[in-house]
Each structure stands twice: as structure tokens, then as C-alpha cells.
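Undergrad: Kindly return the folded structure for what I paste below:
(4 chains)
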Number of protein chains: 2
Amino acid sequence: MSQKDKITIYDISRKLNISAATVSRALNNSARVSAKTRDLVLKTAKELNYQQNSLAVALKSGRTFNVGVVVPLINRSFFASVIRGIEEELEPKGYHVIICQTHEDADKEAQQLQALLNTNIDGVFISVSKTTEDLKHLEAVLNSKTPLIFFDRKKDLKGVSTVSIDDFKGAYDAVTHLINQGYSKIVHVGGDRNLNIYEDRYSGYVAALEAHQLSNQNLPGFQMSSSIESGLEAVNQLYDSQADFDAIFCASDYIALGCVQELRSRGIQIPQEVGVVGFSNEPFTSHLENPLSTVGQTPVLMGKIAAQVFLEQINAGKDSEPLEKNVVLKPELFTRSTSLKKGTV
Amino acid sequence: MSQKDKITIYDISRKLNISAATVSRALNNSARVSAKTRDLVLKTAKELNYQQNSLAVALKSGRTFNVGVVVPLINRSFFASVIRGIEEELEPKGYHVIICQTHEDADKEAQQLQALLNTNIDGVFISVSKTTEDLKHLEAVLNSKTPLIFFDRKKDLKGVSTVSIDDFKGAYDAVTHLINQGYSKIVHVGGDRNLNIYEDRYSGYVAALEAHQLSNQNLPGFQMSSSIESGLEAVNQLYDSQADFDAIFCASDYIALGCVQELRSRGIQIPQEVGVVGFSNEPFTSHLENPLSTVGQTPVLMGKIAAQVFLEQINAGKDSEPLEKNVVLKPELFTRSTSLKKGTV
DNA sequence: TTGTACGCGTTATCAC
DNA sequence: GTGATAACGCGTACAA
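TA: Residues are numbered from 1 along each chain as shown, chains lettered A, B, ... in the order given. The predicted model follows:
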């Protein structure tokens, strides 16, 4: 069974004394083939264990049935889940998903995108890195007529469809929940507002405070990276500056975890003295002894919808105007132990 | 700047009134080109924003500079880190890493592998799913002369290099640590021993007990899936059967977390009454209020070494005998709060 | 040093 | 219904 050399449609055609063209037609279910020869071709193809060379097909057709997914970090549960959603939707249609991570590096992002383009990808899904400012590499994708879809983290670019969640509402709901639980001096430890998601979460936070006449307290604000260390540092700064606060709304679960750790090491009671809410619903948030309240983002659904948008674009034809679709998903608040001052939901 | 149509070496050759062959040579730094024409070609290539069509190159050369990584689950920190190690080693060499997940499904694994083969991948890294019994799809990879490398979870197959950690030693060290901390009735909640890693962890556990004359206690044993639920269930079964135990060595961190949760909900003191050790050093283990003791597997290093083995194989030439290299890494025990009965390391 | 011609495996467009 | 033939874009013997 050591079938080293790849067999082609020519091997089949020789064996059957027919032309390669006929074999190709038979394999592709063309109507212009007699049922008899088609069955014969299919049978011998199976016998010889023929495998279509998708490289040749791609070179000929221009379609590779490969799509690229570019994310900052692969090991964030959020991104892994979005990818899973894309896979679940696209693999049944014969597509392959190539995953790239940028490690939040704009240069690396540009390289990855260029490399994907070189392999004649059929489409690109991207959640941009937080250092991305220049958009040339994204425009290059559009210029090559390759469908481009932003998910979660997006940039302002014509002709690009986006799938995101309503970060404003997610933040607004989270802060409102804190207020309903009896907290009134709510600090926000946010992310880099260069990214739309962190900008929107900040705006939602501000709006919720305003809606409850709590916005004139001169509360300190933070823009930090999404990490445990940021959370530790933020809490330290709050106490160093003797700020008056009774709750922290964090732009990420990692920040929230850092806050919780530092608060606890200072002997602060959570949620009695200080309430904490995170963002993303990373799995570890529910594993903690005191599960963390957080905002869920339905990432699998996000991936599925992004994939559907891509398929629409493909079906519309390669030369049609890029359809610009903007889907916004609803976030979901998970109220767990770190924010339940009253003990009820 | 709407450069829609892809430009080829022919476009360059026409513009310069030279042959496409010369352009190709110039682009590939062939010695058989005058410096003058080479510079000219390179310059106009840049002007025209020429991008090599890697599909054509692949079809011609048989090399795609794509490698596939097949893992059970992408969102396990362990696998994500191995992938990162592979990337770090291979991307500088011009390779692309295509990631596939099998969701522990042998059929899906076979499909993924076949699909990768169809795209003329240059190599395959795989950690097999736990349901994999039939090895035909793996032999198919070998028959196609594509380098195949097992990491972590391996199968017995000739001509395949493997990179793994010493699971036996990892388990042996963990159990010995528990014994040194004063535990003597140590139960093992293991994984499916169809997988070599769980088999080895079980053997290491048994050997450590034997080495300390603790093996004749008729302790109950478990083979369960790696999940929180498994841990909950195992602890429940232990108490239901009124088993006499004072420590649990778990084959995974998720099982360990489940054990900890159930023990705590029953009011058992950890580590005073019962000690717990997990396996893998998933990040959440150090995030817990009571950080979980666990066995670390240096996954990034594992990925890097797997990549190096692959490169060796490639450099040895495609038709050379497949070199069978077996690298075994040393595990690293992280002793944290859940196993420190004496309070010291 | 450069050009010609061919092949990689497939599909599409012609004829017949 | 079937068979030549060209074409996708590139690399490379071979010839010049």
C-alpha cells in the first residue's frame, strides 16, 4: 500500500482509455457525461485512491477554499470561541480556516495579512491588534478583491462588513447592575481607547453614571492593558491616592481578577465593601471560589455570523460591490458573587 | 491605487522586454543573471507591487511552506502554547501554520488530515484525539512522504518522530511530593488510558506508591474525561463508597478543579484534610484563591522542539528515510497551596 | 547571461 | 457524449 506517487486524472484516463477531460467532467458531476462512464470513473478513482490536487484547482479557479482568521491572541477563550464559530459554519461548506495571531503587534499583523494574501486566501476575518494605526495592510486586502470582515475589534474602513457586540450596552448594563445593587462610587479600569471596544465600554460606563446622576464625583479613570498586573496596579493607585470608591467596573476579566486579588490581599470584603465586574466571561471567571460577575459576548455566535456574512459576500460574486453589513450582537450580563451586595439579582 | 488584477512575472518581462525566465531568475537570486538586469527587475517588481503567486510555486515545486497542526482543542492553554512554540520557530523560516482542531473526534481528525494532505502541506504536527484507534489516516500522511510529528499524545507508528514530556516522571514526582507532605492514602483520578499520556501518569502514580510501600491499600481508581464534572463526580463516588483517602492526584487540572470544588462544598479543608494535585499548569490554576498544585509541561518548548525536528527532517531531503527522533522533556512540579499539608516545600 | 519550451494538475472552450 | 488544446503562474532543463 505504499502509494508514494500522487495519482492524477491522467492515471485514471490512461487506465480507462478515455481523455483526462472526460475524467474531470465525471468527477465534477458534469451533465455532459454518460452515466456509464461517470460510474466507471468514480469507481476507478476510488480504487486508485485518487485525491484531487487542490493546488491545481486553486491555480485554475482562483479559489482556494481557505479563509484566514487573524486574532491578537489565540489563547484567549473569547477568540478561540469566535474561531470555533467560524469553523462550525464554514467547514461544512468545504472551507479551511487558517489561524494567525498577531500578539498585538501591528507589524506582525501586516506581515500575516500579506502572507495570507500571497496564498490566495478566499477571505479574511480579523480582530485588529491594539497597536494598529496604519490601515494600509487592510486596504491591500480590499484592493485584492478579497472579502474582509472585522469582528469585535474594528476600524473605520469603507466596504468592510463588521460583526461586533454592543459594548456600550454591555458596559451600561453592568454599571446599572452595580448601581441597583447599591454601589454609587463606581470606578472604571478601562483599556486602550484607541480600540473601539474600550472606547465604547468607557462611554457606556459614563452614560450609566449620568443616567443615575452619579457622574459628578471626579472619580479617577484608567487606561491599561488587559492583564492581571493592570488590575493589581489600578487598585494600588486607588488606595495610594485615597480615592473614595465602592465598586470597580473593569474592561476585561483579567483586569478584574487582578483587582479582586489585590483587594483581597488588602483584606477588603467583596462584594460587601467593594463590588467588581469584569468583561468577556472567560471560563476562569466561573471557576473562582467567588465567581466573578462579567459581561458575556456570545463569541461562538459572533463567529458564526461573521462566517455567514462572508458566505453572502462570496455568493454575491467576486466582482460585485463589497456589501457593507454591520451586525451588532447583544451582550449578556452574568451576575455572580463579586457584585451582589444585596445578595439578589 | 486600485490594483485589481494580479501582476505576474510576465507583466514585468513585457515591461522590460526580457523573458519571463530571466525575471524568475532575478527574483530568485539566481547567479545566472547580470547584476544590472537583476536590479532592474527587482525595481520594477516593487514598482508594480508584484506578489509571487505561491499557489503556482507550490504546484511547481511541490512545497507550500505550509504546515498543519492538529490538536484536540484549541482553547486549552497547553495546546495553544505548543502552537505558539511551533510558530515562533517556523514563521521566521517562512512557514505558515495552519491550525485544526478535532474536538476529540477520530473521524474529524481523519478528515482534517486528509484535507491538509490535499492542500499539499509540508508537514504535520499532531496530538491525537482520545478516540483515535484506527491509524490509517496517519499512515496516509507517511505514505505521501509528508513529515509527521507527534507531540504530547502519540501513537505507536514507525517513522514518526515524537516530542513528549515524561508523564511517568511527572506523576511520580507529584505523588512523591504528596507523600513527603504527609499524605499516605492517595487516590488517582485518571484519564482514558487509551491515550499514552494517561497510561503513563497512571504508571507513575502506581510506581510512586510502590516505592513508598503504599500500594496495598485497595484504593479506588478512576478513568474519566478531563473536565470539571469528572472531578465533581469522582469525589462524590469516593464519599458514596466511603473510601478512605487523604489526597487526590488528578490527571488534569480540570479534574482537579472539580475535585476542589466538590471537596469545598462538602466542607473539607484543603490541604489539611485532603490534598489535591492537578496536571498541566493551566493558567487558571494559579488564579484561584487557593492556587492549585500541578505538573507543568513546558508546552512552548515542546512546540519549538517539534518544529526543530521537522526542520531537520526537511533538510535531510524529502526522499531520505524518515528520521525517527524521540525527544522527552522533563516536567516541572509546581507546589502550591492545595498540597502543602506541612506548609513547606 | 539570456531565451525557448515544457510541465506541475486541473478546468474550460472549443471542435467533433 | 467525448477528445484535443489552451490556460492558470511559475521554475528550470536545455539550447543559444
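Undergrad: I'd like the next helix or strand past the least confident helix or strand in chain A by mean pLDDT.
TA: The weakest-scoring helix or strand in chain A, judged by mean pLDDT, DSSP states H and E, is strand A:96-101 (a mean of 86). Once the chain leaves strand A:96-101, the next helix or strand it forms, by DSSP states H and E, is helix A:106-118.
Undergrad: circling back to that earlier point, run the angle between the least confident helix or strand of chain A and helix B:106-118 for me.
TA: If you take axes from the mean of the first three to the mean of the last three C-alpha atoms, to 10 degrees, strand A:96-101 sits at 80 degrees to helix B:106-118.
Undergrad: and strand A:96-101, how far from the chain's centre?
TA: What separates the centre of strand A:96-101 from the centre of its chain is 12 Å, taken as C-alpha atoms, centre = their mean, to the nearest Å.
Undergrad: That strand packs against which elements?
TA: On a contact count with 3 or more C-beta pairs under 8 Å, 6 or more residues apart in numbering or on different chains; DSSP states H and E, strand A:96-101 meets strand A:66-71, helix A:77-90, helix A:106-118, strand B:96-101. (Glycine included, C-beta is placed from N, CA and C.)
Undergrad: what about dumping the CA coordinates of it to CSV?
TA: Output of strand A:96-101 as CSV, limited to C-alpha atoms (Å, rounded to 0.1, in the frame of the first residue of the first chain):
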residue,chain,number,x,y,z
HIS,A,96,-10.4,25.6,5.7
VAL,A,97,-9.6,28.0,8.5
ILE,A,98,-6.1,29.3,8.8
ILE,A,99,-5.5,30.9,12.1
CYS,A,100,-2.9,33.6,12.7
GLN,A,101,-2.0,35.5,15.8
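Undergrad: Partner strands of it, with direction?
TA: Note on strand A:96-101: by DSSP bridges, its sheet partners are strand A:66-71 (parallel).
Undergrad: contact partners of the strand it pairs with?
TA: Strand A:66-71 has contacts (C-beta atoms under 8 Å, 6 or more residues apart in numbering or on different chains) with A:79, A:82-83, A:86, A:90, A:95-102, A:109, A:112-113, A:116, A:119-127, A:310, B:119.
Undergrad: contacts for the least confident helix or strand of chain A?
TA: By C-beta under 8 Å, 6+ apart, the list of residues contacting strand A:96-101 reads A:65-74, A:83, A:86-87, A:90-91, A:112, A:115-116, A:119, A:121, B:74, B:84, B:87, B:96-100, B:115, B:119.
Undergrad: Measure how that strand sits relative to helix A:77-90, angle-wise.
TA: Going by the same axes, to 10 degrees, strand A:96-101 makes 160 degrees with helix A:77-90.
Undergrad: quick one: is the helix or strand harbouring A:K15 near chain B?
TA: According to DSSP H and E, A:K15 maps onto helix A:9-16. No. Using C-beta under 8 Å from any C-beta of the partner chain, helix A:9-16 stays clear of chain B, coming no nearer than 14.4 Å.
Undergrad: Isn't A:N75 up against B:A80?
TA: Yes. At 3.6 Å, A:N75 counts as touching B:A80 under the criterion of C-beta atoms under 8 Å.
Undergrad: what does the stretch 1-150 of chain A have sitting close to chain B?
TA: Neighbours of chain B within the stretch 1-150 of chain A, by C-beta under 8 Å from any C-beta: A:1-4, A:6, A:51-56, A:58-59, A:64, A:66, A:74-75, A:77, A:80-81, A:83-84, A:87, A:96-101, A:114-115, A:117-120, A:143-145.
Undergrad: which stretches of chain A form helices?
TA: Applying DSSP state H to chain A gives helices spanning A:9-16, A:20-27, A:35-47, A:54-61, A:77-90, A:106-118, A:136-143, A:167-180, A:196-211, A:228-240, A:253-265, A:284-287, A:299-315.
Undergrad: quick one on the thing from earlier: sort out which of the residues of the stretch 1-150 of chain A next to chain B are buried, if you could.
TA: For those, a burial check counting by 16 or more other C-beta atoms under 10 Å in any protein chain shown picks out A:51, A:53-55, A:58-59, A:64, A:66, A:74-75, A:77, A:80-81, A:83-84, A:87, A:96-101, A:115, A:117-120, A:144.
Undergrad: first to last residue in stretch A:182-194, what's the distance?
TA: 32 Å (C-alpha to C-alpha, to the nearest Å).
Undergrad: again with stretch A:121-129
TA: Counting by C-alpha to C-alpha, you get 20 Å between the two ends of stretch A:121-129.
Undergrad: A:S13: how many residues sit nearby?
TA: By other C-beta atoms under 10 Å in any protein chain shown, the residues close to A:S13 number 18.
Undergrad: is it true that it touches A:L27?
TA: No. Counting by C-beta under 8 Å, A:S13 stays clear of A:L27, with 10.9 Å between them.
Undergrad: where does chain A dip in pLDDT?
TA: Along chain A, the parts satisfying pLDDT under 70 run over A:1-5, A:318-319, A:343-345.
Undergrad: residues from it in reach of DNA strand C?
TA: Residues of chain A lying near DNA strand C by C-beta under 7 Å from any atom of the strand: A:6, A:8-10, A:20-21, A:24, A:27-28, A:50, A:52-53, A:56-57, A:59-61.
Undergrad: let's see it at 6 Å
TA: A:6, A:8-9, A:20-21, A:24, A:27-28, A:52-53, A:56-57, A:59-61 (C-beta under 6 Å from any atom of the strand).
Undergrad: tell me the contacts of A:S337?
TA: Listed by C-beta under 8 Å, 6+ apart, the contact set of A:S337 reads A:270-271, A:290-293.
Undergrad: near DNA strand D, which residues of the stretch 201-345 of chain A?
TA: Counting by C-beta under 6 Å from any atom of the strand, none of the residues of the stretch 201-345 of chain A come close to DNA strand D.
Undergrad: So which bits of the stretch 201-345 of chain A are right by chain B?
TA: The interface of the stretch 201-345 of chain A toward chain B, taken as C-beta under 8 Å from any C-beta, is made up of A:228, A:257, A:264, A:283-284, A:287-290.
Undergrad: mind running it again at 7 Å?
TA: Counting by C-beta under 7 Å from any C-beta of the partner chain, the stretch 201-345 of chain A comes close to chain B at A:257, A:284, A:287-289.
Undergrad: Just the buried subset of those, written out for PyMOL, thanks.
TA: To isolate the buried members of those in PyMOL, using 16+ other C-beta under 10 Å:
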select buried, chain A and resi 257+284+287+288
